[in-house]
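Student: Got a predicted model here, sequence first, then my questions.
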Amino acid sequence: MGGFTFAQVLVLIIATASMLVVSTANRGGPHWPFRGHDHRFHQPKCEDQGPKKIIVGGSEQWRFNFTYTDWALKNGPFFINDTLVFKYDSRHSVYLLPDLWSFLNCDLSRAKLLGNVTQGGGKGFEYVLQEWKPYYFACGEHDGIHCNLGQMKFFVMPMLRCMV
């Protein structure tokens, strides 16, 4: 399987399936896509509200030793054109990791720096989710220790705001 162990492939499959399930959670109430006893597929109504600004971590902001993966799961779904706001002190940064493997291993070797240590102060650093694809974020400080031990990493899979 191209150098991957069975366990690694299984983790990739489970993580991908989880992203799809979480990204569609709470779309149209407890019975979406089914309404009552009618089991035909019904598309949800369009969201009336436009893009949101979401502070990563809520009141905890972007800090060491907070489980951002749990935060993302509890605060989803996220939508295309939503803006993530990273507020942090000068001990942190924001990186966009290229793939799930890099995310799982906190491998920053191919990651793109989005917000350096000075950009999180004040109103914070903003990042717009522009495409329907998984986005993997992590703090890159101290050679990945903030990502690994400090749990400063999460992923989102933004969805379309309106399905017509």
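Tutor: Noted; the coordinates are in hand.
Student: could you point out which element follows the worst-scoring helix or strand of the chain on mean pLDDT?
Tutor: Ranked by mean pLDDT, DSSP states H and E, the weakest helix or strand in the chain is helix 6-23, scoring a mean of 50. As assigned by DSSP states H and E, the chain's next helix or strand after helix 6-23 is strand 53-55.
Student: Following the chain past that following strand, name the next helix or strand.
Tutor: With DSSP H and E, the next secondary element past strand 53-55 is helix 68-75.
Student: What residues sit buried inside the helix or strand just after that next one?
Tutor: Following helix 68-75 in sequence order, the next helix or strand is strand 83-86 (DSSP H and E). Judged by neighbour count using 16 or more other C-beta atoms under 10 Å, the buried positions of strand 83-86 are 84-86. All C-beta atoms are positioned from the backbone trio N, CA, C, and that covers glycine.
Student: Same check on stretch 51-64?
Tutor: Buried residues in stretch 51-64 (16+ other C-beta under 10 Å): 54-57, 61-64.
Student: Among the residues you listed, pick out the one closest to residue 135, please.
Tutor: For the buried residues of stretch 51-64, the residue nearest residue 135 by C-beta to C-beta is residue 56; the value is 11.5 Å.
Student: Could you measure from the closest one over to residue 125?
Tutor: 9 Å (C-beta to C-beta, to the nearest Å).
Student: where are the low-confidence patches of the protein?
Tutor: 1-48, 162-164 (pLDDT under 70).
Student: burial measure for the nearest residue to residue 91 once chain neighbours are set aside, as a count.
Tutor: Distance criterion C-beta to C-beta, 6 or more residues apart in numbering; nearest residue to residue 91, sequence neighbours excluded, is residue 141 at 6.4 Å. A count of neighbours around residue 141, defined by other C-beta atoms under 10 Å, yields 20.
Student: so who does residue 141 touch?
Tutor: 91-93, 117 (C-beta atoms under 8 Å, 6 or more residues apart in numbering).
Student: For PyMOL, write the select line for the buried members of these.
Tutor: Buried members of the contacts of residue 141, defined by 16+ other C-beta under 10 Å, are picked up in PyMOL with:
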select buried, resi 92+93+117
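Student: The contacts of residue 141 into CSV, with extra columns for distance to residue 137?
Tutor: CSV is the format used below for those (distance: C-beta to C-beta, whole Å):
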residue, distance to residue 137
91, 16
92, 11
93, 10
117, 16
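Student: Nice, that's everything, thank you.
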